[in-house]
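What follows is a predicted structure for the sequence shown.
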Amino acid sequence: IGGYDGILPTGNFRYYAFEKNINGFVQNQIISCPEIGQNFGTSLDIENDFLFIGSPNNSSLIQNGGAVYIYKKTAGIWNFLTRIQPSNLSTDEQFGSSVHVYNNQVFIGAINYDSNGNATDNNGAIYVFDKSGDSFTFNQIISVNYNKNLGQFIDIENNFMICTNTNSTNGETNV
């Protein structure tokens, strides 16, 4: 469950982890962003003992470039493992807008990714990283040359990916 620890704009977003036992769900941990001033919380996915939290407004590398924080569960506690940020981030790219894990790959939406180097295009993209143990290696960027905000939502099942983007003509969301 996500929520702020105080009233905005000074409150920080954090996650409250619950674990199911014989009495139901019991809170066992509060997960805060490991970097001061780099709030997270827009997207989240869990696979086995790994937790992925998107932070599309993360500015640790470049203004609102984004990041994904990865936690690993050890002895019932989520511990920060690493941060994923591609080296080619652009200002306001918002990498981490969505996160989905499937078959040892991490799919990360960057709704303002610009494949043409023109800040007005911002078609969006989905970055794919391969997971091997505790390591994550860049694999590819999936992008389109039309519409906007590709990767705002990602879901995968049976090797079939569904994602959304916004039609630049009428503002409607496409799947």
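Alright, I've got the coordinates.

mind checking which helix or strand of this protein has the lowest mean pLDDT?
strand 173-174 (a mean of 64; mean pLDDT, DSSP states H and E).

which non-adjacent residue is nearest residue 132?
Distance criterion CB to CB, 6 or more residues apart in numbering; nearest residue to residue 132, sequence neighbours excluded, is residue 104 at 7.2 Å. C-beta coordinates here come from the backbone N, C-alpha and C atoms, glycine included.

isn't the one you found right next to residue 130, touching?
Yes - using CB atoms under 8 Å, residue 104 is in contact with residue 130, at 6.6 Å.

Which residue of those two possesses the greater neighbour count?
Taking neighbours as other CB atoms under 10 Å, residue 104 and residue 130 compare with residue 130 leading, 14 against 11.

where's that one relative to residue 136, distance?
7 Å (CB to CB, to the nearest Å).

do residue 157 as well
From residue 157 to residue 136 the distance is 22 Å (CB to CB).

who's more crowded, the two?
Neighbours of residue 157 and residue 136, each counted by other CB under 10 Å, are more numerous for residue 136; the result is 21 against 8.

Now name the helix or strand holding residue 131.
strand 125-132 (DSSP states H and E).

Could you spell out the sheet neighbours of that strand, each with its direction?
In the sheet, strand 125-132 lines up against strand 105-110 (antiparallel), strand 135-143 (antiparallel) (DSSP bridges).

for those strands, which one ends up most surrounded?
The highest mean neighbour count among the strands paired with strand 125-132, using mean count of other CB atoms under 10 Å, belongs to strand 105-110: a mean of 26.

Kindly export that one (C-alpha atoms) in CSV.
Taking Å, rounded to 0.1, in the frame of the first residue of the first chain, the C-alpha atoms of strand 105-110 are listed here in CSV:
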residue,chain,number,x,y,z
GLN,A,105,13.0,-9.5,-18.1
VAL,A,106,12.0,-6.1,-16.7
PHE,A,107,9.9,-3.8,-18.9
ILE,A,108,10.1,-0.1,-18.0
GLY,A,109,8.0,2.6,-19.6
ALA,A,110,9.4,6.0,-20.3
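
How far away from the center of its chain is it?
7 Å (CA atoms, centre = their mean, to the nearest Å).

Can you name the residues in contact with that strand?
Outside strand 105-110, the residues that touch it by CB atoms under 8 Å, 6 or more residues apart in numbering are 43, 52, 54, 56, 66, 68, 84, 93-101, 124-131, 136, 139, 150-154, 156, 161, 163.
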